[in-house]
Structure formats: structure tokens, C-alpha cells
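Novice: Only the shape, not the letters, is given here:
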């Protein structure tokens, strides 16, 4: 009898907890929500999440407060998030660098799979391979042919050792079976400047950063890193048209502290899916150089796992070792 009573009490408490969680989700959000942004104002992920924050505010009537924390390659934003109360009022808009590349290359104070709860993908930003117009290559096939004719004489600029565009260089080298020199800069801006000046031969960077320079003739677009041509610059061939399987894109996603109730996660996810399915919102992000992309929480985890496996192989093949 006492055992039955205890069982009933436990069940009742469980039901009460479930009802409370559901009620919180139904009322969520009833105050402003902070979104940590692992990048500075004006960066690709900042531009994307600002557009999303406006939609959230319109839908829910609560302010979404962006908190840009670019320090330490975005590590600070992740640290604040994983230590926050998992109640849905602290979110993180992070990138492929913060969720996959940095943890693969550096010792991080967080585990992206253990310490964060996935919400949804937000956008995909294909990277553009571009060159100085004086380079005797107008396409990816011509660049590969030139690199094979002059092994070790061309160079690929990047924002620094272990950065995403460095890995893009290494992926091109591996799949193209070519040899060129990697030249790390202190940030992508100086690298772009040197490609424009002809001091560096070619480089990868985000489309919004360099497309204006391409369209004014200061740079030449050679290929885009998405598996297929992107609507942002449909005139530029995908590198995968020459090198099957080549894929180099930055992507951004929304996450929450681990332990955030599933009902709240699902409510945020549903709103993101709704806005990304809106053609007017999609066009707006495309004009900013992004390809909107949503997912289920499980789909985001699967995407992160796939990227983890893919880039770990590139890092191992290239022998990249970076200490911080």
C-alpha cells in the first residue's frame, strides 16, 4: 500500500512539473531575451541574426537584445551561454567556427555537443574563391592547371592559421591535387587588400565581403564553395562543378544552454522555421549574402556531426596544428 502511495506521489509530482514546463513554454517569452552573438557588429552572423531578432520581436512582442561578444574568436559568447540559466532567456547565435572548427583545432572551455542545446540552423554562407584580375586564371579549372604548371609558386591568403578560409585553401589543395603556398594574415581584411593589390594571388572569403569588389573589377570570382551555384551570385560556377564533393560554407545556427526545456526549444524552432519559410524574409537575407536554412534541433546536431567528421579529415590531411 505504501509503495503504491509513493508511486502515486512521484507520478503526481512528475505531472505537476510537466504542466509547469508547458505553462512556461506557452507564456514564453514574457520578458526580453538576450542573444549572444559570437562576432562583432556588422559581421555575417550579426547581420543575419539582427534580421531574425526583428521577426522574433514582431511575433512575440518582446525585445530580442543582441549581445555581441567577438573576443577570443567568439569563445566568450559560448562561455556565457553555457553558464547561463537554461530557461530560454539566453540564446546563442554561433557559427561553424565556434561549433566545429575551433573545438577541433583549439582547447575550448566548452563542448558544443554536451554544453549546448541545438535549436535550428539559421543560414548558410557559401564562400567565394577569388583572385587578382592579373592572375592568368579565369576559372577553377584554369587555376588548377596553372598551379600544376607552376607548383609551389602561387599563394592562397587567409585570415590566419586554422581559420575557416585557411581550411578552404587546404581543401582546394587536397581535392585539386595541387601545391601552393598558404599565406596567413592577421584577419581577412588585410588578406583581401593584398589580393586586390596583387601581393597575394587568391583567397576565400564571404560573398558579402568581396562581391562588390568583384563587380567593380578589382577582384575576379573563380568559384563558389556551395555544392551548387548560389542565388546570391548565380553567375559564379560552383567549385564542385570541377572538383566533385568540394564544399566550403560558413553556416550559422541558434542554440541555447544545455538543459533548456524542450517545449521552449521547440517554440523558438517553430518561429525560426516560420520566418525562414517566408519568401520576403528569404529575399532579404539573400540580398545580404546569406542563404536562409532552418532545421529541426536533431537536424542541427546531425549537421554539426557531419561537419565535425568532414573537417577533422581535412585538418588531419593538411597536418594543421594550432596552439592557443
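Specialist: Good, I have the coordinates. Bear in mind the structure is a predicted one, so any value in this text is a computation, not a measurement.

Novice: for stretch 300-318, what is the average pLDDT?
Specialist: Over the span of stretch 300-318, the pLDDT mean works out to 94.

Novice: What residues sit buried inside it?
Specialist: Applying a neighbour-count criterion of 16 or more other CB atoms under 10 Å, one finds 300, 301, 303, 304, 307, 308, 311, 314, 315, 318 buried in stretch 300-318. From N, CA and C alone the C-beta is placed, and that goes for glycine too.

Novice: Using TSV, lay out these together with secondary structure.
Specialist: Shown next, in TSV, are the buried residues of stretch 300-318 (DSSP: H, G, I helix; E, B strand; the rest coil):
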residue	secondary structure
300	helix
301	helix
303	helix
304	helix
307	helix
308	helix
311	helix
314	helix
315	helix
318	helix
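
Novice: Just give me the closest of the residues you listed to residue 90.
Specialist: residue 300 (17.7 Å; CB to CB).

Novice: Leaving out chain neighbours, which residue sits closest to that closest one?
Specialist: Using CB to CB, 6 or more residues apart in numbering and skipping the chain neighbours, the partner closest in space to residue 300 is residue 118 (3.9 Å).

Novice: residues in contact with that neighbour?
Specialist: By CB atoms under 8 Å, 6 or more residues apart in numbering, residue 118 lies in contact with 253, 255, 265, 297, 298, 300, 301, 304.

Novice: Can you classify the nearest residue to residue 230 once chain neighbours are set aside by secondary structure?
Specialist: Excluding the flanking residues, the one nearest residue 230 by CB to CB, 6+ apart is residue 126, at 4.8 Å. Three-state call for residue 126 (three-state DSSP): strand.

Novice: Pull up the per-residue confidence for residue 126.
Specialist: On the pLDDT scale, residue 126 is placed at 86.

Novice: residues in contact with it?
Specialist: 207, 224, 225, 226, 230, 232, 248, 249, 291.

Novice: The same query, at a cut-off of 7 Å, please.
Specialist: Applying CB atoms under 7 Å, 6 or more residues apart in numbering to residue 126 gives the contacts 207, 224, 225, 226, 230, 249, 291.

Novice: still on that earlier bit, now do the residue nearest to residue 300 against residue 255, distance only.
Specialist: Distance, residue 118 to residue 255, using CB to CB, to the nearest Å: 6 Å.

Novice: Which residue ranges of the stretch 51-200 of the chain form strands?
Specialist: Secondary structure of the stretch 51-200 of the chain, counting by DSSP state E, counting those that start in this stretch: strands at 64-68, 90-95, 116-131, 155-158, 181-184.

Novice: mind listing what residue 229 touches?
Specialist: 236, 237, 238.

Novice: Among those residues, which one has the most neighbours?
Specialist: residue 236 (22 neighbours; other CB atoms under 10 Å).

Novice: Hmm, residue 221 and it touching each other?
Specialist: Yes: here residue 236 lies in contact with residue 221, judged by CB atoms under 7 Å, at a distance of 4.7 Å.

Novice: who touches both of the two?
Specialist: Common neighbours of residue 236 and residue 221 (CB under 7 Å, 6+ apart) are residue 128.

Novice: hmm, back to that, please tabulate the strands of the stretch 51-200 of the chain in a markdown table, including the columns distance to residue 275.
Specialist: Listed next are the strands of the stretch 51-200 of the chain as a markdown table, based on distance: least, CB to CB, whole Å:
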| stretch | distance to residue 275 |
| --- | --- |
| strand 64-68 | 12 |
| strand 90-95 | 14 |
| strand 116-131 | 10 |
| strand 155-158 | 33 |
| strand 181-184 | 37 |
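
Novice: Among these, which comes closest to residue 168?
Specialist: By CB to CB (comparing all of the strands of the stretch 51-200 of the chain), the closest turns out to be strand 116-131, at 5.9 Å.

Novice: quick one, what contacts the residue lying closest to residue 69 once chain neighbours are set aside?
Specialist: Once flanking residues are discounted, residue 69 sits nearest to residue 77: 3.9 Å by CB to CB, 6+ apart. Contacts for residue 77 (CB under 7 Å, 6+ apart) come out as 36, 37, 38, 69, 92.

Novice: do that again at 10 Å, thanks
Specialist: 35-39, 67-71, 92-94, 98 (CB atoms under 10 Å, 6 or more residues apart in numbering).

Novice: quick revisit: now, the contacts of residue 126 that are in strands?
Specialist: Those of those mapping onto strands are 224, 249, 291, per DSSP state E.
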